[in-house]
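S.K.: model the following, please.
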Amino acid sequence: ASLRARLDIFDLSPAPALAATLFVAVTITIAFTITDLGVIVDLAGATGATIMSFIAPGFMYFFTFRERSWRSPMRLASLVVGVVGVCLCVVGITLAVVGDVAPELLFGDR
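M.R.: Numbering: from 1, shown residues only. You can find the predicted model right below:
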């Protein structure tokens, strides 16, 4: 079979190729500029933990049980949990970035 026939199984449209190229370029840029892996661990923890603990369960329940009124106590509670999770994620990311960029703002002058 020709090379073109073998490549037909892949999506070669410009949008996914551009997105993948941009993702790789941003990843390489971050890899070359960040010298402290603690920041990456902080960001991964801040996003991953809040998504798994608060955001995903809250919004999954809220959007899974659409047949119930959005004012039912469980749907309302799940929405609150999801929104609180988004807020905690933003706070965690902010603290991770500020802690790396300007630690004196968090810890004072040591």
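S.K.: next one: whichever strand or helix holds residue 75 to chain centre, how far?
M.R.: According to DSSP states H and E, residue 75 maps onto helix 73-101. Remark: helix 73-101 is offset 11 Å from the chain centroid, using CA atoms, centre = their mean, to the nearest Å.
S.K.: return the set of buried residues in that helix.
M.R.: 75, 78, 79, 81, 82, 85, 88, 89, 92, 96, 100 (16 or more other CB atoms under 10 Å). C-beta: built from backbone N, CA, C; applies to glycine.
S.K.: how much space between the residue nearest in space to the middle of the chain and residue 96?
M.R.: The structure's the chain has its C-alpha centroid closest to residue 47; by CA atoms, centre = their mean the separation is 5.4 Å. Residue 47 sits 9 Å away from residue 96, going by CB to CB, to the nearest Å.
S.K.: likewise residue 86?
M.R.: Applying CB to CB, the value for residue 86 to residue 96 is 16 Å.
S.K.: so for the helix or strand encompassing residue 56, what gets flagged as buried?
M.R.: Using DSSP H and E, residue 56 falls within helix 56-64. Buried residues in helix 56-64, counting neighbours by 16+ other CB under 10 Å, are found at 58, 59, 61, 62.
S.K.: for the residues you listed, could you give me CSV that also reports distance to residue 36 and pLDDT?
M.R.: What follows is the buried residues of helix 56-64, written out as CSV (distance: CB to CB, whole Å; pLDDT from 0 to 100):
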residue, distance to residue 36, pLDDT
58, 32, 96
59, 32, 96
61, 37, 94
62, 37, 94
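S.K.: okay if I get those as a markdown table plus distance to residue 18?
M.R.: Output for the buried residues of helix 56-64, formatted as a markdown table (distance: CB to CB, whole Å):
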| residue | distance to residue 18 |
| --- | --- |
| 58 | 33 |
| 59 | 29 |
| 61 | 35 |
| 62 | 33 |
